[in-house]
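> structure of the sequence below:
(2 chains)
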Amino acid sequence: MAKNRIKTTSRSPEASVFYITGLILLGIVVAAFLVSLIWTPYAPDATDAASKLLAPSAAHPFGTDNFGRDVLSRVMAASKYTIFISVAGVSIALILGTVTGIPAGYFGGFADRAIMLAGNSIMCFPGILLALVAVAVFGASVSNVIWALGLVFAPTFARVCRTGTMEIKELDYITHARVMGVKSARIMTFHIFPNLISQLLPATVIGLANMTLFESGLSYLGLGVQPPDASFGKMLSDAQAYIRVAPWLIIFPALMLVFYILGLYFISEGLRVNLSKGGK
Amino acid sequence: MPRHIHIVKVHHLTLSFPTRKDPDPRPVLDDVDFGIRDGEILGLIGNSGCGKTMTSLAIAGLLPETASVTSGSIKFAGKDLFAMSAKERRAMLGKDIGMIFQEPSTALDPLMTCGKQLEEVFTAHGDKELKPDERRRIILEMLNTVGFSDPEEIYTRYPHQLSGGQRQRVLIAGAAILKPKLLICDEPTSSLDTVTTVSILALLKDLCHKLHMTILFISHDLSAVKGFCDRVMVMKDGKIIDKDTTSDILSNPKNTFTAELLTNARLDTRLLGFEPANVDYSGSPVLTADKISAGYGRSLFERVKSKTKDNNILHDVSFEVYQNEILGLIGGSGSGKTTLIRSVLGLLPHTGTVRITSSSVGAIFQDPVACLNPAHTIKWHMSEALKASGKAKAVEGTGSLRERRAKTLSRITSVLEECGLGAEHLRRHPNELSGGQRQRVAIAMCLIQEPALIIADEPFSSLDASSSAELLKLMTDINRERSTAFLLITHNIHIVRQICPRVIVMDNGRIVEEGMTSDVLTNPQSECTSGLLEAERQIHGL
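Okay, here's the model as predicted:
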């Protein structure tokens, strides 16, 4: 028992470093998002012809862009879209992935083949291409981007769920539940799913980071968030032309993007280390 | 190296696992002090969690990083182990100290042939100048010594092509190949059946003489040390409480705990109070299985290759279980016992019919670690079992939500109490319970469904003697008080003799013998039964 207690209470120092770094980086972006909900230094869309392309100063800590908009305010507003799109997209992917992946793993046979064939067909195209097609067909809007990304990412989660389920369903406690007469749907939701969380959690966090990169890519290509709204990718693409005269237009949104994604990666790494060491 | 009377001398060793929250916890090993004499076989016996394995890990220098030695020392052949550098210790491990573990299925690399794995030992320790064909000769010789009649064949085989007993032999060969002075065996036989256990113990004893090795034999079962160990130490709560020659311990235990262990190992019916119910064989059976044949699926290739080949593991197995009865089902590993109950429970496709005169059948499995869902509390497990049985509504009755919950809770608590657990266990997760407690929860989950029959598949094989005895007592109590029938699958004839009025013997997927336990065991008709009885006589004939 003594040995057991240590396992559950003490976290490995390695994981703690990952967690703390990740939370600090992510905290910067999330703080910017939370503050932007109630206050930004200037209105993010307010143009000011008198102060175009100003370098960072006390009045405009991150400088201004070619329309004289305050970059700090726009970065704060952009974090809202980035976070919203990644969280909503991952939620869709997670729900689709678990709803298809767990039955595929549990029942096997034809259901498994059919579901995995559909998933693999999606995965064999480059994700960005599929998202591009979807956005091109259904129109460029935030909700379409979310749906497209959700669909593209779903097979990844389905695979995680499927393999996890195939392992767990062979264990005695699932056999026991079947012998007791628990229905298949209940076994999948209440007996198997809670045991998959330790595998899904790191996948979700990584999914958030990847989704943010995709969203930035789509926005950069002009298919994501539409002007005058801002997202990090959109800001980067707009700033391209001014990279020599006004590098701050690139640096600050790019930094925020890096903080967000790196923060998520660190947290997922911490989760992985902790979950694999702590045992299931 | 000069010879020492004691090859290992553990001197007042105290060891604990301090954490930040609890810097001074109860020691796991408390003032452990003993010596292992050169050339002897020393048994270290105790229940699970008493510190046996920690003692062996301390001697091998494999303690977990979190362990802290508060006092004491260990000397191996006169050298202080704690004063050695990591490099010196590593050089010693394998060469001077060999180790064999409990689970032979996970100790071999599945991607390497047995021969390759044994060669690894030479790469790590052996003489660099040794020629490859010389190495091969030594390995083949060693494989022959551990009892393989065809070492060339074993050399090229992969671990999955071997049985549990064969794997354990390969591991023993690997541990003995460098002729270590000390061989630590940590429960080497607990995952093997009785027949294999006897042969492995005989092999170890033989090696001990041939190679002049010293063996530290760790086990939870006092019955295994008879005729094998020279001396026995009994451990409890991190302390060595009894130390004597084997014959003295077995015939005349001075310590009360040793006496208790001995009673449990002997399964003394009078002392432990097993009272199974009387069975009425004229009534109709609870379970009737008729001509069951079953096997595992073949691949398409195999089906095309041999259309007519009989791939079944079970061949026309028929039997009945009567009300109130505890029916024993015995047989060696691989005789088809588990396949049979999986078919009966409807988990495997099979031909033949199974009739059960009850709405639910309970099942208890071998592995207490995997039998409960790690994500949920005991309370959840119990209410889930109640819901699945379709009896939840009847228990809840009518009334407000709070009243219904209280009724369900009181029912769950009463069943748990019947199984020797209390209300304090409701909120615990399975990993906070011991193996015996987890098996109790599994039984409680069956009981709450009120089945007429509970099928128990080797429920004792991973429990220590004390937990097994308690679990057996619980099963007989349930059998007597609730008139629940049991189908008990085991390879331990000793248990069958104590509590089962009737017994079935299986071999190669067929029932080879069936009848009253006293008749079958006193006058065995088949070779398989005689083999099992002979093994049992050697191990449990205390």
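> which strand or helix spans residue 134?
Using chain A here. Using DSSP states H and E, residue A:134 falls within helix A:127-138.
> switch to chain B, that's the one I care about
Using DSSP H and E, residue B:134 sits within helix B:132-145.
> please apply the same query to residue B:73.
Residue B:73 belongs to strand B:68-76 when assigned by DSSP H and E.
> model confidence over the helix holding residue A:134, on average?
Averaged across helix A:127-138, the pLDDT comes to 84.
> C-terminal to it, what's the next element?
Downstream of helix A:127-138, the first helix or strand assigned by DSSP H and E is helix A:142-168.
> now do the helix or strand following that following helix against helix A:142-168, angle only.
For helix A:142-168, the following helix or strand on the C-terminal side (DSSP H and E) is helix A:172-180. Here the directions of helix A:172-180 and helix A:142-168 differ by 90 degrees (axes from the mean of the first three to the mean of the last three C-alpha atoms, to 10 degrees).
> which residue does chain B bring closest to chain A?
residue B:375 (3.5 Å; C-beta to the nearest C-beta). For glycine as for every other residue, the C-beta is placed from the backbone atoms N, C-alpha and C.
> thought that residue was touching residue A:194?
Yes - counting by C-beta atoms under 8 Å, residue B:375 does reach residue A:194; the two are 3.5 Å apart.
> hey, where'd the helices end up in the stretch 101-250 of chain B?
Remark: helices assigned in the stretch 101-250 of chain B by DSSP state H, counting those that start in this stretch are B:114-125, B:132-145, B:151-155, B:164-176, B:194-210, B:246-251.
> just chain A next, same as before
Assigned helices in chain A, in chain order: A:2-9, A:13-38, A:71-107, A:109-123, A:127-138, A:142-168, A:172-180, A:184-186, A:193-220, A:232-239, A:248-278 (criterion: DSSP state H).
> after the longest strand along chain B comes which helix or strand?
Ordering each strand of chain B by length in residues (DSSP state E) puts strand B:6-16 first. As assigned by DSSP H and E, the chain's next helix or strand after strand B:6-16 is strand B:29-37.
> just want the angle from that following strand to strand B:68-76.
Angle of strand B:29-37 versus strand B:68-76, following the same axes, to 10 degrees, is 10 degrees.
> list the strands paired with strand B:29-37, with their directions.
Strand B:29-37 has its sheet partners listed here by DSSP bridges as strand B:6-16 (antiparallel).
> got the buried residues for the strand it pairs with?
Burial within strand B:6-16, assessed by neighbour count using 16 or more other C-beta atoms under 10 Å in any protein chain shown, is assigned to B:6-10, B:13-16.
> contacts only, for the residue of the stretch 51-200 of chain A found nearest chain B.
Scanning the stretch 51-200 of chain A for the residue nearest chain B gives residue A:194, at 3.5 Å (criterion: C-beta to the nearest C-beta). By C-beta atoms under 8 Å, 6 or more residues apart in numbering or on different chains, residue A:194 lies in contact with B:373, B:375-376.
> next, count neighbours for the nearest residue to residue A:79 once chain neighbours are set aside.
Among residues not flanking residue A:79 along the chain, residue A:33 sits closest, at 4.2 Å (C-beta to C-beta, 6 or more residues apart in numbering or on different chains). Neighbourhood size, residue A:33 [other C-beta atoms under 10 Å in any protein chain shown]: 20.
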